[in-house]
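Colleague: sequence-free structure coming up:
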């Protein structure tokens with residue numbers, strides 16, 4: 001339907017301004033979409049709703065968007081409010097663990113507000129069926145199954161991640177949570193308590209070591225620098241010959257510094273396969289891999305120089321290679337056949 005929408009908007013843009021009502025506005029709400037028409041984005045004003053960062057901001061957003069009437073409608077009000085705060089804390093923890101990359105989850109799952117809302121509604125429903133305010137009657141097993149295995153666990157595909165998710169949930173869905181639960185009565189009281197929480201989250205809050213925060217900070221700094229480099233002005237190679245000449249010199253200089261490929265036959269003759277020394281086999285295999293890297297670098301650099309001269313077409317791979325060289329980054333084409341390195 002998106003191509004049809006793009007056609008409708010283009011037709012409206014082609015009409016006379018007097019034929020369109022002055023109060024007409026088109027509001028579009030969409031989730032992130034890779035194939036969203038660029039023409040619609042260029043003609044409109046973009047407003048994005050960034051998810052909150054940090055446990056405190058996540059809890060604040062949860063309680064600020066909560067309906068006060070629904071919050072007070074549970075029969076077992078006191079028990080419900082405590083479990084709801086534990087659930088909101090659990091949601092904030094599992095969402096914020098994504099920032100640690102593979103240290104948080106093996107696969108980055110897109111936990112969102114719908115998981116929290118359906119889980120809160122189920123807690124509300126289960127507690128309404130209880131008689132009295134006794135926490136011993138709370139169906140913890142049912143709540144853990146619906147929240148851990150169905151709502152949040154429905155997104156989890158890795159068995160180790162599911163085990164981690166249920167272990168975290170056990171810390172919150174229990175008569176005696178391992179973390180402090182305030183004894184508040186209104187949403188305003190909870191918001192006041194949330195405001196006292198620290199702005200920076202300790203890695204121990206997520207069950208991780210302090211080194212996890214170091215990895216997260218390095219990743220954030222790298223992302224910031226990459227986006228800053230993308231925003232800097234860039235000369236057009238086709239309109240400005242100096243920029244193309246500089247890129248050509250850089251590619252030529254890198255090619256000249258490349259060493260010659262290794263003679264695998266000579267190495268195999270000097271270090272033959274031996275049962276008593278397995279390093280001979282490892283050496284030959286590593287040299288073959290190194291030759292593949294050198295051949296890829298030499299071929300792509302020559303193709304880039306030919307593309308700058310206009311002898312061949314500048315395709316997407318060569319364009320990405322040119323941008324990486326200008327930004328002093330290791331091109332992705334080389335990373336695919338290279339050794340893992342952070343240099």
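Modeller: Noted; the coordinates are in hand. Predicted, not measured: the structure shown is a model, and the values here were computed from it.

Colleague: contacts and neighbour counts: CA atoms only from here.
Modeller: Will do.

Colleague: surely residue 25 is in a helix?
Modeller: No - using DSSP: H, G, I helix; E, B strand; the rest coil, the assignment for residue 25 is coil, not a helix.

Colleague: distance of it relative to residue 32?
Modeller: Distance of residue 25 to residue 32, computed by C-alpha to C-alpha, to the nearest Å: 22 Å.

Colleague: one more: residue 258?
Modeller: As judged by C-alpha to C-alpha, residue 258 and residue 32 stand 42 Å apart.

Colleague: ok, residue 212 next?
Modeller: As judged by C-alpha to C-alpha, residue 212 and residue 32 stand 28 Å apart.

Colleague: for the chain, what spans make up the strands?
Modeller: Taking DSSP state E, the chain contains no strands at all.

Colleague: just want to know which of residue 212 and residue 32 has more residues nearby.
Modeller: Taking neighbours as other C-alpha atoms under 10 Å, residue 212 and residue 32 compare with residue 212 leading, 19 against 8.

Colleague: look at that one and report its pLDDT.
Modeller: Residue 212 is assigned a predicted lDDT (pLDDT) of 89.

Colleague: what's it in contact with, if anything?
Modeller: Each residue near residue 212 by C-alpha atoms under 8 Å, 6 or more residues apart in numbering is listed here: 100, 103, 203.

Colleague: the last one reaches residue 216, doesn't it?
Modeller: No - the criterion here is C-alpha atoms under 8 Å, and residue 203 misses it with residue 216 at 10.1 Å.

Colleague: what comes up buried for the longest helix along the chain?
Modeller: Looking across the chain with DSSP state H, the single longest helix is helix 279-309. Buried residues in helix 279-309, counting neighbours by 16 or more other C-alpha atoms under 10 Å, are found at 280, 284, 287-288, 290-294, 296-298, 300-301, 303-305, 307-308.

Colleague: now swap in stretch 93-104 and tell me
Modeller: In stretch 93-104, counting by 16+ other C-alpha under 10 Å, buried: 93-100, 104.

Colleague: and stretch 53-71, by the same measure?
Modeller: Neighbour-count burial for stretch 53-71 flags 54-60, 62-63, 71 (criterion: 16+ other C-alpha under 10 Å).

Colleague: got these as CSV, with pLDDT columns?
Modeller: Supplementary listing: the buried residues of stretch 53-71 in CSV, determined by pLDDT from 0 to 100:
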residue, pLDDT
54, 89
55, 91
56, 93
57, 92
58, 92
59, 93
60, 93
62, 92
63, 93
71, 92
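
Colleague: low pLDDT regions in the stretch 201-343 of the chain?
Modeller: Segments of the stretch 201-343 of the chain classed as low confidence (criterion: pLDDT under 70) are 233-243, 341-343.
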